[in-house]
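S.K.: Would you be able to build a 3D model of this:
(2 chains)
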Amino acid sequence: MNPQPNTPTPAAEYGALARRRSFRRSLSATGSTGDAVFRVLLLSVALLILLIVSSMVVAMAHNSMPSIREFGFSFLWGSNWDPVKGEFGALPFIYGTIVSSLIALVIAVPLSLGVAIFLVEQAPARLARPIAFLVELLAAIPSVVYGLWGIFVLAPVMREWVEPPLQRSLGFLPLFQGTITGIGLFTGGVILAIMITPIISAVVRDVLAAVPVSQREAALALGATKWETTRVVLANAASGIAGAIILGLGRAIGETMAVTMVIGNRPQISASLFEPSYTIASVIANEFTEATGDLYLSALVEIGLILFLVTFIVNGIAKLLVWSVTRGTSGTARAT
Amino acid sequence: MPPLEKTSLTRLALVIVALAAVLTAACSGGRGGGTGAVRLQGAGATFPNPLYQKWLSEYGKANPNIKIDYQSIGSGGGIKQIKEQTIDFGATDAPMSAEDLKSAPGDILHIPTVLGAVVLTYNLQGVSAPLKFSPDVIADIFLGKIKRWDDARIKADNAGVTLPAADIAVVHRSDGSGTSAVFTDYLSKVSPEWKEKVGTGTSPRWPVGLGGKGNEGVTGQVRQTPNTIGYVELAYAVQNKLPVAVVKNSAGNFIEPSLDAVTAAAAESISTTPEDLRVSITNAGGANAYPIASYTYILAYKEQRDAAKGKALVDFLWWGIHDGEKFAKDLQYAPLPEEIVRRAEQKINSITSGGKPLREAQGK
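M.R.: Predicted coordinates:
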């Protein structure tokens, strides 16, 4: 990591000592006013992000005070959500959010890893380009369009072709029991999987492409097969891949419109994945516009605060996982 | 290379500055308009939005110096914003509660504009004649007590119709909605059990069923899933040619939902309509009244802070309940009955600014 100053400075300033300084320090050490302005500008942008995040937390905490005072911690494990009677509990929404995101990950991770590995390691260039383009196009489709497609195409397909065979073969598990309607937690998870696959695979593709060719050449020179070479590449890219999965998970947790259209919007906790469920983002989108009364509004804000915390915790756990996977390895390729 | 970068950057900056200048000019031009232009800002219910947008464009053609905007942010938002006085008029489907009115900084008037209705729609293969429902049957289906289409009580109202031996799948609105409020208000009136267990609200706790977002979400699930039943706005059902159920009214007649039957429900309820016009007309009496209907209202302060704005507002409201009613039927809203127009006139005439009535100031 040699410093590469992008502004001309007197050569005398640069001795062997100066070269060993970090890039950041070299910026502040130069006497140019332009650099000082640049530094202040960057610092204020970085601080602005901090300010926005903290002001969001403060505003949400403040607005959810009436609900926090009324329900305390029972809001977290209460499972009754009845705006008419003024009773609010967030547990079914937390459950729905986490389980639908997990279903999405279980489906999307192998799928997007496969796509990315094929594109980088196997596909000829004239095939790789159009496929990569199509995958990226999927990421650009607005989520409400996914939602409508979910109601009119995915839900009937799930009802007729996917859920009945699952129930026949795995029906002994409580997960796959119950009435089949094509709308519910499972369909919600599937549509999330389709939505996060392009994000994960696009990032994983970049990460794999960043692994030096010399690694592959070395593996091949040692007599490794294609598959063994790919494993070497994957091991090198592990932390980047984990980062890509976290990005996808983040989108799955916060996704609103598409899930709302197919999850059934019913605040309940059921062992069956075919039953309707509800996510935190969906209940806010559904009920905020018509919510009247201070307690109702503040319960909705508090559930938003919980979404914030859930995202925070899940990201923390994911970071921890990345750290435990990549600990000890050095020189790994990273995303971006 | 540096000079090249510099020129392209400078050019970019120039373009941004030019764009900003054009935008500012456009905005201030729009806002300035002619001299003496009045701008009114309204917000609220989504249900009457198509009609209000039509009104604004028609009224704007006749009165180019008055600019009115309406944002359909939902009834809840309309009530909140009129209470905070950030808008000149609000709009809501369900009338404001007594509590809400008390906590507002001034007297708020309810001016009814049109009527809407909620209809039951269903998906039953092989059933072509409109299904008939008694009120208690509807309530028990949505309570989850009647579970199958071939239930004896559904059969009793539909002699000669072959009903499938299948489970009923209920679909309701998942988003907070005036449509749900009207429907649950009706169910609370016809079923004591509903009233006690669920009650009336924009987002009640539904005992059974799947939630679909918006009229389109409910319709989508009903259309896609066999043996479903759901409820949507009348206008939406007509425009999308959905099968709709015939409902027994309190006089014991099965009434097909129509604009005339909705206006009839309002007309039949006049004797019970209070002075402030805040009334629920579900389960109305009268031989031809359709029972699941409601007014939609514009909310305005009785005492206007700004005389010019207040004057523009009362003129617009007056135009709305007279000339504006012409546009209602085309957009599938039921027009107000004559008697209610008279009473809305009195409300509009009572709006003042600085203690002086605004409409009579013109000498009318």
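S.K.: Please make it C-alpha for all contacts and neighbour counts, starting now.
M.R.: Fine.
S.K.: which bits of the stretch 51-200 of chain A sit near chain B?
M.R.: By the rule CA under 8 Å from any CA of the partner chain, the part of the stretch 51-200 of chain A lying against chain B is A:81-84, A:151-152, A:156, A:181, A:183.
S.K.: buried subset of those residues?
M.R.: Among those, those buried by neighbour count (16 or more other CA atoms under 10 Å in any protein chain shown) are A:81-83, A:151-152, A:156, A:181, A:183.
S.K.: For the lengthiest helix in chain A, the averaged confidence score.
M.R.: Longest helix in chain A by number of residues (criterion: DSSP state H): helix A:294-326. Helix A:294-326 shows a mean pLDDT of 86.
S.K.: wait, does it contact chain B?
M.R.: No. Figure legend: helix A:294-326 not in contact with chain B (CA under 8 Å from any CA); closest approach 10.3 Å.
S.K.: ok so, going back, so which of the buried ones among the residues of the stretch 51-200 of chain A next to chain B sit within helices?
M.R.: A:Pro156.
S.K.: in the chain, which segments are predicted with low confidence?
M.R.: I went with chain A, as the question did not name one. A:1-31, A:325-336 (pLDDT under 70).
S.K.: wrong one, I was asking about chain B
M.R.: Using pLDDT under 70, chain B drops low at B:1-36, B:360-364.
S.K.: can you pull out the helices in it?
M.R.: B:2-32, B:49-62, B:75-83, B:98-103, B:135-143, B:152-157, B:178-190, B:192-197, B:214-224, B:234-239, B:259-268, B:307-322, B:338-349.
S.K.: Pull the contacting residues for the closest residue to B:Ala267 other than its chain neighbours.
M.R.: Distances taken as CA to CA, 6 or more residues apart in numbering or on different chains place B:Pro337 nearest to B:Ala267, at 5.8 Å, with adjacent residues excluded. Residues near B:Pro337 by CA atoms under 8 Å, 6 or more residues apart in numbering or on different chains: B:263-264, B:266-267.
S.K.: Neighbour count added to those residues, as a markdown table?
M.R.: Shown next, in a markdown table, are these (neighbours: other CA atoms under 10 Å in any protein chain shown):
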| residue | neighbour count |
| --- | --- |
| B:Thr263 | 27 |
| B:Ala264 | 22 |
| B:Ala266 | 32 |
| B:Ala267 | 21 |
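S.K.: Kindly report the residues of the stretch 201-350 of chain B close to chain A.
M.R.: Near chain A, when you scan the stretch 201-350 of chain B using CA under 8 Å from any CA, you find B:201-205, B:209-213, B:217, B:220-221, B:224-225.
S.K.: go again using 10 Å as the cut-off
M.R.: Within the stretch 201-350 of chain B, the positions lying close to chain A (CA under 10 Å from any CA of the partner chain) are B:201-214, B:216-218, B:220-221, B:223-226.
S.K.: Residue of the stretch 101-250 of chain B closest to chain A, please.
M.R.: Going by CA to the nearest CA, chain A is nearest to B:Asp175 of the stretch 101-250 of chain B, at 3.9 Å.
S.K.: Just give me the neighbour total for residue 123.
M.R.: Went with chain A since none was named. 15 (other CA atoms under 10 Å in any protein chain shown).
S.K.: nope, chain B please
M.R.: 21.
S.K.: Past the helix or strand A:Leu48 falls within, which element shows up next along the chain?
M.R.: Per DSSP states H and E, A:Leu48 falls inside helix A:33-63. Proceeding N to C from helix A:33-63, the next assigned helix or strand is helix A:65-71, under DSSP H and E.
S.K.: Settle this for me: A:Ala210 is touching A:Leu234, isn't it.
M.R.: No. A:Ala210 is not in contact with A:Leu234 according to CA atoms under 10 Å; the separation is 11.2 Å.
S.K.: What's the separation between the closest residue to chain A within the stretch 251-364 of chain B and A:Val190?
M.R.: The nearest approach of the stretch 251-364 of chain B to chain A comes at B:Thr296, 14.8 Å away (CA to the nearest CA). From B:Thr296 across to A:Val190, the span is 40 Å (CA to CA, to the nearest Å).
S.K.: next one: phi and psi at B:Asn288?
M.R.: The phi/psi pair for B:Asn288 (degrees, to the nearest 10) reads phi -110, psi 10.
S.K.: what about the longest helix of chain A, distance to the chain center?
M.R.: 12 Å (CA atoms, centre = their mean, to the nearest Å).
S.K.: buried stuff in it?
M.R.: So, applying 16+ other CA under 10 Å, buried residues of helix A:294-326: A:295-308, A:310-311, A:314-315, A:318-319, A:322, A:326.
S.K.: Need the nearest residue in space to B:Ala293, chain neighbours excluded.
M.R.: Nearest to B:Ala293 is B:Ala117, by CA to CA, 6+ apart, at 4.1 Å.
S.K.: list the contacts for the one you found?
M.R.: Applying CA atoms under 10 Å, 6 or more residues apart in numbering or on different chains to B:Ala117 gives the contacts B:179, B:182-183, B:232-235, B:257-259, B:261-263, B:282, B:290-295, B:332-334.
S.K.: can you check B:Arg153 too?
M.R.: Contacts of B:Arg153 by CA under 10 Å, 6+ apart are B:133-134, B:136-137, B:146.
S.K.: biggest strand in chain B, by residue count?
M.R.: strand B:108-123 (DSSP state E).
S.K.: now the angle from that one to helix B:214-224?
M.R.: 10 degrees (axes from the mean of the first three to the mean of the last three CA atoms, to 10 degrees).
S.K.: before we move on, back to that, helices or strands next to the longest helix of chain A in the packing?
M.R.: Packed against helix A:294-326, as judged by 3 or more CA pairs under 10 Å, 6 or more residues apart in numbering or on different chains; DSSP states H and E, are the following elements: helix A:33-63, helix A:65-71, helix A:74-77, helix A:91-117, helix A:226-236, helix A:238-254, helix A:280-287.
S.K.: okay if I get the ones you listed as a markdown table plus mean neighbour count and distance to B:Gln41?
M.R.: Below are those laid out as a markdown table (neighbours: other CA atoms under 10 Å in any protein chain shown; distance: least, CA to CA, whole Å):
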| stretch | mean neighbour count | distance to B:Gln41 |
| --- | --- | --- |
| helix A:33-63 | 13 | 26 |
| helix A:65-71 | 16 | 31 |
| helix A:74-77 | 16 | 38 |
| helix A:91-117 | 22 | 36 |
| helix A:226-236 | 18 | 58 |
| helix A:238-254 | 23 | 33 |
| helix A:280-287 | 22 | 24 |
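S.K.: Spell out which residues of the stretch 201-336 of chain A are next to chain B.
M.R.: So the stretch 201-336 of chain A meets chain B at A:257, A:260-267, A:275-278, A:282-293 (CA under 10 Å from any CA).
S.K.: What is the burial count for B:Lys329?
M.R.: B:Lys329: 15 neighbours (other CA under 10 Å).
S.K.: Over to B:Ser271?
M.R.: 8.
S.K.: Ok, the one 4 residues further on next?
M.R.: For B:Glu275, the count of nearby residues is 9 (other CA under 10 Å).
S.K.: residue contacts, it?
M.R.: B:343, B:347.
S.K.: And it, how far from B:Lys347?
M.R.: 10 Å.
S.K.: Next: A:Arg205.
M.R.: Taking CA to CA, one finds A:Arg205 at 67 Å from B:Lys347.
S.K.: Comparing these two, which shows the higher neighbour count?
M.R.: Using other CA under 10 Å, the more surrounded residue of A:Arg205 and B:Lys347 is A:Arg205, with 25 against 19.
S.K.: Now the more buried one: closest residue in space, sequence neighbours ignored.
M.R.: A:Ala116 (4.8 Å).
S.K.: can I assume the one you found is in contact with A:Ala244?
M.R.: No. Using CA under 10 Å, A:Ala116 makes no contact with A:Ala244, being 11.5 Å away.
S.K.: Quickly list what's touching both of those two.
M.R.: With CA under 10 Å, 6+ apart, A:Ala116 and A:Ala244 have common neighbours A:200-207.
S.K.: Excluding sequence neighbours, find me the nearest residue to the residue of the stretch 1-150 of chain B found nearest chain A.
M.R.: Residue nearest to chain A within the stretch 1-150 of chain B (CA to the nearest CA): B:Gly76, separated by 4.3 Å. Closest residue in space to B:Gly76, ignoring its immediate chain neighbours: A:Glu290 at 4.3 Å, by CA to CA, 6+ apart.
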